[in-house]
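Trainee: Generate a structure from the sequence data that follows.
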Amino acid sequence: MPRNLLEKNFKHGRSLLIRLDHGSDMIAEMTEIARSLEIVTGVFNAIGALSSAELGYYDQVKNEYDKIAVEEPAELVSCSGNISVRDGQPFVHAHVVLADRGGKILGGHLMKGCVFAAEVYLQELLGSPLVRVHDPTTGLKLWGEE
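Mentor: Numbering: from 1, shown residues only. Modelled structure (predicted):
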């Protein structure tokens, strides 16, 4: 078995359709939903629009995120993410593709996103939780064994 293959078998838990609150921060609201529903492992997709956003691009040499400010409304063309456990709490990790009024796209790691309107499909996964641990090669907290 490859060393990076996490051998975990999950069963599908709740399948949820969620409308996020206008004006909320997408990451903060998804984190609060996971916490309040006690979801520690899951995957999600979302579409909609953001009033503004902050994206991240991971600099693989410096091992830190460069921030990209999106200070105008944008269509949330695509958002995919997951929920796992980091530092004992639910952790929401999401990547997005945004489009401006001219159709120009920008994508990256979603750090913040002010919701104009967003609809989310969240699939809870039941089983032993995925836990993020420090990976010395990348400097990131990735899925691993505690």
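Trainee: C-alpha only now, for contacts and for neighbours.
Mentor: Fine.
Trainee: Quick one: distance of the helix or strand of the chain with the lowest mean pLDDT to the chain centre.
Mentor: One helix or strand of the chain scores below all others by mean pLDDT, DSSP states H and E: strand 141-144, with a mean of 93. Distance of strand 141-144 from its chain centroid, counting by Cα atoms, centre = their mean, to the nearest Å, is 14 Å.
Trainee: Which neighbours in the sheet does it have, and how are they oriented?
Mentor: According to DSSP bridges, strand 141-144 forms sheet pairs with strand 131-134 (antiparallel).
Trainee: what sits against Ala28?
Mentor: Going by Cα atoms under 8 Å, 6 or more residues apart in numbering, Ala28 touches no other residue.
Trainee: Oops, could you answer that again for Val120 instead?
Mentor: Contact analysis of Val120 by Cα under 8 Å, 6+ apart lists 16-20, 44-47.
Trainee: Nearest to Pro129 among the residues you listed?
Mentor: Nearest to Pro129, judged by Cα to Cα, of the contacts of Val120 is Phe44 at 15.9 Å.
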